[in-house]
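**Student:** Please find the sequence and the predicted model below.
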Amino acid sequence: MRTIKTLQDLFRRYRRPGDIIFALLFLALAIFLLTQLGEQTKMVKRTKWYAQPSLWPTVAVYGMFFFGALHYISSLLSPRIPGRWREVLFWLKSLEFVAYFLIYVFTVPLLGYLPSSVLFALFLCARVGFRSPQMFLAAAVFGVSLAVIFRAFLQVKIPSGQIYELLPDTIRAFALTYL
Amino acid sequence: MDVFVSGLGILAQWQVLVALLIGSVGGVIIGALPGVGAAVAIAILLPATFSFEPIVGLTLLLGIYGSSMYGGAIPAILINTPGTAVNALTTYDGYPMTKRGQAHRALSLAYSASFFGGVFSILCLIILSPLLAMVAPHFGSREIFLAAFMGILLVVLAHRGQTFAAAMLACLGIFLNTVGLEPVKYTRRFTFDQSWLTSGVDLIVVVLGLFAISQALLLLVDKDTAPPKAHVDGNLTTGLKELLGLKRIATVSSSIGVLMGMIPGVGEFTSQFLSYTYAQKSSKTPEKFGKGSPEGLVASEAANNAVPGAAMIPLLALGIPGEALTAMMLSVFYVHNVIPGPQLFANQMDFVMALYMALILLNVIVLVFLLFSTNLLLKIIQIPTRFLGLMILMLSFVGVYSLRNSATDCMLAAGFGVFGLILKRLNLPVVPIILGMVLGGIMEVKLRSAMARVKSPMDFVDRPIAAILALMILLIIVMHIRTLINEHKNRIRPEPTGDDSTTQQG
């Protein structure tokens, strides 16, 4: 009984709400990777152990499993702070913004960097609750500045929008290069 | 002397000076914005510097790295909110001074101490250079392997109370680095027959996801706040004179910062706490600490600003990063075809010298900028947090997409963004993943080349530096176990008041 108590003491730590869910998911990932080790890595014949391509994935996955299991156990043994599902909901809420971000990613090659950035900034500004003309102006200015600084000035590698092909000759070349 | 003149020649290019100016001023602004920080800024700007000359790109990012902590002191002192996490201790004495109506004195002292710490560490770096140039060539594959292993070990053990989490996340980092086509035997590792996984998981994508996108998501989902209005009146140059009276604290704290900065995985937090503890114990008025003590403020700021310069020592000499920011800086070096390590000192000493001079100049620019523009900065930092989230998310897009115009990279970065958000919410460390990726790669390559000449296990440590490193690793493990046993003994001893929230795992 005393040994169990000692182990409990050793593993106890400060645990935030949702910690056990994360610990469980991480352990599940480690177990999944562990089951895939033989399939997803190869042992090469006539090669020493230290040069085997499977050495480091094996070390890493076993490490993930071992420490992941200890982390899970410590989570089980540590005092709980209520609010687990509220916390998980917070994580899930972030997926909404991930979706917006990916829509932005896919619209850039179609609409071009400048128009997409301005539209995305205005939309996100409204979505997060800034609906005053000043904030819309700030968002639009930010979108334009971003495109001008990174694409026109720093010449960062971002493709031009397909929609620019529809522009009149006089401004098409400019738009394709700088916007 | 030739090397110095050649280094000066590299630094004197107008592009380098502009990059230094933008990096330094930009770094201060970024550091002053609560919720952004140098890691986010470097992650975002890293791909944008690919097209620059190596020295230009490096100077820009070094500027941000070296100056962000200066800016972080401003909100820490004036509104009790540290701009960067490493300015947390600054709030202890800085904010009480502001409440007493001594905001200008606190800021002035913080700037002066930061300047002292920053310049002190660069001078140490310059003084140590000949020694580094002498010792670095003795670091062969096995020594670099052991140093990288020690780095991972220290990063894991430095996360007190989160050791298991830090270890599992470091292993995740090592795992991520192995995904893709193995470069020697050309076998696939964990690609699940997906072509997009064959080229592996890019470090920059992971960095951008874990640091920038996660921060953007956190700010966008969380409640909106904006720092309160603040204004500083009075002369900000007085701190320079006052620092002369506190030169012992400033020197010892900077030395602690340099020592801690050199050790991989330790960094700003440990140096700050050690310096602060030293300052308090050696002070004639220890009771004033935490209530607005200038000594506490100087100790905290001098120590954390001494770390970036010192962290460059293992990075430049051995190519081993000690924490997330230097890991990012390592990828900056690689991207610009500058390979840190023993050969850098042997073949490109003028380049190293130019970097040193850039670091000194950076501190001067930042000090001058801060002395005259603090009130302007206070207006800039009043951006609402959700709007800041919008800005970071859009900037992250540039960072990820400009790498290779891949929507898959963006999806992967977004995935790591959510993962980073969860880690931040759970108060779990992000840094071990990055260091696991970088140091895991180094360990794999170096073990392979080292073992080719090793016949028995003892051969691995038959060279003096390898033997010292192996002993240090053993010592670190033994010390950690000893600390755990002592902590456990103290814990089972009955105490009148027990606090469960502070009990930590090993």
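**Tutor:** Noted; the coordinates are in hand. Numbers count the residues shown, from 1 in each chain, chains lettered A, B, ... in the order given.
**Student:** Where does B:E444 fall, secondary structure wise?
**Tutor:** Taking DSSP states H and E as the definition, B:E444 sits inside helix B:431-451.
**Student:** What parts of the stretch 51-200 of chain B come near chain A?
**Tutor:** Of all the residues in the stretch 51-200 of chain B, those in contact range of chain A (Cβ under 8 Å from any Cβ of the partner chain) are B:51, B:161-162, B:164-165, B:167-168, B:170-172, B:174-175, B:177-178, B:182, B:184-185, B:187-192. All C-beta atoms are positioned from the backbone trio N, CA, C, and that covers glycine.
**Student:** Produce a PyMOL select command limited to the buried residues of these.
**Tutor:** Filtering those down to the buried ones (16 or more other Cβ atoms under 10 Å in any protein chain shown) takes a single PyMOL command:
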select buried, chain B and resi 161+162+164+165+167+168+170+171+172+174+175+177+178+182+187+188+189+190+191
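**Student:** Next secondary structure after the helix or strand harbouring A:L89?
**Tutor:** Using DSSP H and E, A:L89 maps to helix A:84-111. Next along the chain after helix A:84-111, taking DSSP H and E as the criterion, comes helix A:113-127.
**Student:** sorry, back to before: elements contacting the helix or strand that comes right after the helix holding B:E444?
**Tutor:** For helix B:431-451, the succeeding helix or strand toward the C-terminus, using DSSP H and E, is helix B:464-492. Helices and strands touching helix B:464-492, as assessed by 3 or more Cβ pairs under 8 Å, 6 or more residues apart in numbering or on different chains; DSSP states H and E, comprise helix A:2-11, helix B:141-158.
**Student:** and helix B:464-492, which residues are buried?
**Tutor:** Residues B:I465, B:A466, B:L469, B:A470, B:M472, B:I473, B:H480, B:E487 are the ones in helix B:464-492 that count as buried (16+ other Cβ under 10 Å).
**Student:** Report the lowest-confidence entry in the residues you listed.
**Tutor:** Lowest in pLDDT among these is B:E487, which has 80.
**Student:** if I look at B:H480, how far off is chain A?
**Tutor:** 13 Å (Cβ to the nearest Cβ, to the nearest Å).
**Student:** Not counting its neighbours along the chain, what's nearest that residue?
**Tutor:** With sequence-adjacent residues excluded and distances taken as Cβ to Cβ, 6 or more residues apart in numbering or on different chains, B:H480 is closest to B:L157, at 5.3 Å.
**Student:** Tell me how many other residues surround that neighbour.
**Tutor:** B:L157: 19 surrounding residues under other Cβ atoms under 10 Å in any protein chain shown.
**Student:** from what I can see it touches B:G151, true?
**Tutor:** No: using Cβ atoms under 8 Å, B:L157 makes no contact with B:G151, being 11.1 Å away.
**Student:** Spatially, what comes nearest to residue 142 if we skip its sequence neighbours?
**Tutor:** Using chain A here. Nearest to A:F142 is A:A121, by Cβ to Cβ, 6+ apart, at 5.5 Å.
**Student:** please go with chain B instead
**Tutor:** Closest to B:R142 by Cβ to Cβ, 6+ apart is B:A450, at 3.9 Å.
**Student:** Please give the number of neighbouring residues around the one you found.
**Tutor:** B:A450: 21 neighbours (other Cβ under 10 Å).
**Student:** Could you do the one 10 residues further on as well?
**Tutor:** B:F460 is surrounded by 19 other residues when neighbours are defined as other Cβ under 10 Å.
**Student:** if we can go back for a sec, what sits against the residue nearest to B:R142?
**Tutor:** B:G140, B:S141, B:R142, B:F145, B:F460 (Cβ atoms under 8 Å, 6 or more residues apart in numbering or on different chains).
**Student:** Just give me the closest of those to B:G9.
**Tutor:** Top of the list for closeness to B:G9, among those and by Cβ to Cβ, is B:G140 at 33.0 Å.
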